[in-house]
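I would like to see how this sequence folds:
(chains A, B, C and D)
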Protein chains: 2
Amino acid sequence: MSSFMKIGDLAQKTGLSIRTLHYYDEIGLLSPSHRTDVGYRLYSNQDIIRLQQIVSLRQLGFSLKEINKCLKDPNLSLQQTIDLHRAKVKEQMSLSRTLLKRLNVISTELQTTQSIAVENLIQVMETVSMSKQQYLTPEQQEILRSRFSEREAEWQQILTQARIEMSKGTNFDTNSVYKLAMRWERSMESLVSGDEQIYESLMRMYQREELETFNWGAIDSTSFEYILKAISFLLLID
Amino acid sequence: MSSFMKIGDLAQKTGLSIRTLHYYDEIGLLSPSHRTDVGYRLYSNQDIIRLQQIVSLRQLGFSLKEINKCLKDPNLSLQQTIDLHRAKVKEQMSLSRTLLKRLNVISTELQTTQSIAVENLIQVMETVSMSKQQYLTPEQQEILRSRFSEREAEWQQILTQARIEMSKGTNFDTNSVYKLAMRWERSMESLVSGDEQIYESLMRMYQREELETFNWGAIDSTSFEYILKAISFLLLID
DNA sequence: TCTTGACCCTCACGTAACGTCAGGCTTTAG
DNA sequence: CTAAAGCCTGACGTTACGTGAGGGTCAAGA
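Numbers count the residues shown, from 1 in each chain, chains lettered A, B, ... in the order given. All right, here's what the predicted structure looks like:
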């Protein structure tokens, strides 16, 4: 059952190139756990699982370096990466739908009237760009920070609660944390207030080291990360 | 109305980076048609249209070099690129749907039983890879070529007809060519016979110079391209 | 047993499409 | 009139591989 695969096999089945697998080995991202005595790479089921995580995280827009960091965290389970990937695919589909609408508008407009409003073209390009970006742009960060300082007290409350739960070692999926996350989310709403983009992006940030460097002033990064994880839980139930 | 845009404006509205626009200028892909007297780039509506085509073609998976060639062909209208882009987005959406299904399978399987079949993971990776590739893989080319030689006579017939229409200078959208394309498509079906992937990819090939190097033996590339264009017409009516 | 073709290995250099300064004009808002 | 914001042209850096070169390995068939 737990048969090993040679690199060519794996490449063919996954659609990745051999070179890609070589490269992942080279940078220490995925070193197959076995080799034949002449040095042939042998990929185990565990390796394949890791590869799956890599592929999913790539789809989320992480660089290989970032993925390397993510995968060092033992908290990041296969389940989580799969669920994040699911969320991403959903997001993509919704973007594709709006994109398609806009393309349709242009196409029919071109067919009927011969001219075209450039604005429509710009909208399309904007949509295309959106599907590539991830995390928060600097401007978005600025907005968030300013809005946050307006309501600092409220956040403080939530955070102290969060810290209590953390020190109790409560798990994300228990009820108390669930409620906490709900409350966080409501407050969050006022922060984000309509800007879906920021919300989505925030979700994507939560496994990144950028969290540390972000420096939210009042919030220490550990609490922040804790809550973010809880939220992503919420998000994935939907 | 026909107002010019400075590079920063354009970048902000389209979501592209300034550097990207600089780069496109550098390689002669999109050189803004005007400059202020101190050298500031000014993008006209025409430039924006061209940029739109570039963005769409990029989404189709063309490299910038290929796009440069494509755009030198005056036959490639905005309408066509938009429609190709539409087809691509549709394809993406269908891929996303199957991908989502497979991810769901894995996710629930992980939640109920703790174990997971690696095959499912491999399927996911395969699907992800599929959304990246374009055109035909060498193996697919081999298959096509062999199947083609089996039925060479039939194709010859269609092609002579095509050449006649071409010499008459008939346009793609007239009825006779329409019928011809229908006939081609039926025969095509036997060539492709179920392999959706090959069919889709063939469509994407039609604006590429690879057509020339492809060397189908009996088919000269001009006829081939002619028919392919007709087909893509058919495809986009759907 | 020998060979031949399909795989595998490790260098190592090449590439596409930008990112990211640096250094220096220009324009605009107060 | 001055400071901030925007634009310019180099020019070097980066990511994630592609693409050989040169050389072992393995299974099948003559």
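
as a whole number, average confidence for the helix or strand that contains A:Ala11?
According to DSSP states H and E, A:Ala11 maps onto helix A:7-14. Computed over helix A:7-14, the mean pLDDT rounds to 96.

Residues of chain A that sit close to DNA strand C?
A:6-9, A:18, A:22, A:39-41 (C-beta under 7 Å from any atom of the strand). From N, CA and C alone the C-beta is placed, and that goes for glycine too.

can you give me the helices in chain A?
Under the criterion DSSP state H, helices of chain A are mapped to A:7-14, A:18-26, A:45-59, A:64-72, A:78-112, A:118-130, A:138-150, A:152-168, A:175-192, A:196-205, A:210-214, A:221-237.

Which of these has the lowest mean pLDDT?
Across these, helix A:210-214 gives the lowest mean pLDDT, at a mean of 38.

out of the residues of chain A next to DNA strand C, who has the most neighbours?
Among the residues of chain A next to DNA strand C, the one with the most neighbours (other C-beta atoms under 10 Å in any protein chain shown) is A:Arg41, at 22 neighbours.

In contact with it, which residues?
Contact analysis of A:Arg41 by C-beta atoms under 8 Å, 6 or more residues apart in numbering or on different chains lists A:6-7, A:21, A:25, A:32, A:34-35.

10 Å instead, please
With contact taken as C-beta atoms under 10 Å, 6 or more residues apart in numbering or on different chains, A:Arg41 is in contact with A:4-8, A:10, A:18, A:21-22, A:25, A:30-35, A:47.

same check, this time on A:Ile54
A:Ile54 is in contact with A:16, A:20, A:24, A:29-30, A:62, A:64, A:67-68, A:70-71, A:81, B:125, counting by C-beta under 10 Å, 6+ apart.

DNA strand D versus the residue of chain A found nearest DNA strand C, what's the distance?
The nearest approach of chain A to DNA strand C comes at A:Gly8, 2.3 Å away (C-beta to the nearest atom of the strand). As for A:Gly8, its distance to DNA strand D is 11 Å (criterion: C-beta to the nearest atom of the strand, to the nearest Å).

contacting residues for that residue?
Here A:Gly8 is in contact with A:18, A:21, A:40-41 (C-beta under 10 Å, 6+ apart).

Which of those sits closest to chain B?
Using C-beta to the nearest C-beta, A:Leu21 is the member of the contacts of A:Gly8 that sits closest to chain B, with 11.5 Å.

how deep is the closest one tucked in, by neighbour count?
22.

same question, A:Ser107
Neighbour tally, A:Ser107, other C-beta under 10 Å: 18.

That one against B:Asp83, yeah?
Yes. Judged on C-beta atoms under 10 Å, A:Ser107 makes contact with B:Asp83 at a distance of 6.0 Å.

I'd say A:Ser31 and A:Gln46 touch.
No. Applying C-beta under 10 Å, one finds A:Ser31 not in contact with A:Gln46, separated by 11.5 Å.

where does the closest residue to A:Phe4 other than its chain neighbours land on pLDDT?
Closest residue to A:Phe4 apart from its sequence neighbours, by C-beta to C-beta, 6 or more residues apart in numbering or on different chains: A:Leu42 at 3.8 Å. In the prediction, the pLDDT value recorded for A:Leu42 is 98.

is it true that A:Leu42 touches A:His34?
Yes. With contact defined as C-beta under 10 Å, A:Leu42 reaches A:His34; the gap is 4.0 Å.
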